[in-house]
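Trainee: the sequence and its predicted three-dimensional model are supplied below.
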Amino acid sequence: MVSAEIVQWAEQAGPAVTAAVSAYGAAVLTRAQDAAADATVGLGQRVLQMVWRRRDAAGRAELERVVDEAADERSEAYTTAVLGRLLRRALQDDPGLREELAALLPAPAAGPVTITASGERSIAAQYIGTAITGDGHTAPRA
């Protein structure tokens, strides 16, 4: 099970990682950071390179394959989902990476979170896995 903290870090880093992959493709893993790069792209690049450095040869090949596929994808939603899954798995498997990422990302805003859903069949959650509304649906198989 993925902890809420890991999900939060992956969500924080996700937009930057997606921007970096969109800008550089798989080259983001080995490319030297361009001083003029956008701050979001630069952050995403640092996050991916952090994951890259902590992997063995097989892990690097897998990371490169996933990033390459994400870069070729035309759907930003798909790219974001794939990269988010990659980040969550990497963070779940490596406590040291969690510490490095926590130091790199800004601290989340403290305080209560308000989530509101309104209307028939509405749902709301801070973190959610599968949510199905409507009639006649079956839950997806794992």
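Mentor: Alright, I've got the coordinates. Computed from a prediction, not measured in an experiment: that's the story for all the values here.
Trainee: got the buried residues for stretch 41-52?
Mentor: 41, 42, 43, 44, 45, 46, 47, 48, 49, 50, 51, 52 (16 or more other C-beta atoms under 10 Å). C-betas here are computed from N, CA, C, even on glycine.
Trainee: just the residues you listed: which are in helices?
Mentor: Those of these mapping onto helices are 41, 42, 43, 44, 45, 46, 47, 48, 49, 50, 51, 52, per DSSP state H.
Trainee: quick one, helices of the chain?
Mentor: 4-24, 39-53, 57-72, 76-93, 95-104.
Trainee: from the ones in helices among the buried residues of stretch 41-52, which is closest to residue 68?
Mentor: residue 48 (12.1 Å; C-beta to C-beta).
Trainee: residues touching the closest one, list them.
Mentor: 17, 20, 21, 28, 29, 63, 67 (C-beta atoms under 8 Å, 6 or more residues apart in numbering).
Trainee: and for residue 43?
Mentor: 13, 16, 20, 104.
Trainee: same deal with residue 51?
Mentor: 63, 86, 87, 90, 97.
Trainee: what is the nearest of these to residue 4?
Mentor: Among these, and counting by C-beta to C-beta, the member closest to residue 4 is residue 87, at 14.5 Å.
Trainee: skipping its backbone neighbours, what lies nearest that closest one in space?
Mentor: Nearest non-adjacent residue to residue 87, counting by C-beta to C-beta, 6 or more residues apart in numbering: residue 10, 4.2 Å away.
Trainee: ok, now which ones touch the one you found?
Mentor: Residues near residue 10 by C-beta under 8 Å, 6+ apart: 84, 87, 88, 91.
Trainee: hang on, the earlier thing: right, so of the helices of the chain, which gets closest to residue 136?
Mentor: helix 76-93 (24.3 Å).
Trainee: buried ones in the closest one?
Mentor: Those would be 79, 80, 82, 83, 84, 86, 87, 88, 90, 91, 92, for helix 76-93 by 16+ other C-beta under 10 Å.
Trainee: nearest spatial neighbour of the third one, skipping sequence neighbours?
Mentor: Put plainly, it is residue 82. The nearest residue in space to residue 82 (C-beta to C-beta, 6+ apart) is residue 70, at 4.9 Å.
Trainee: what's the burial count for that neighbour?
Mentor: Applying other C-beta atoms under 10 Å, we find 23 other residues in the vicinity of residue 70.
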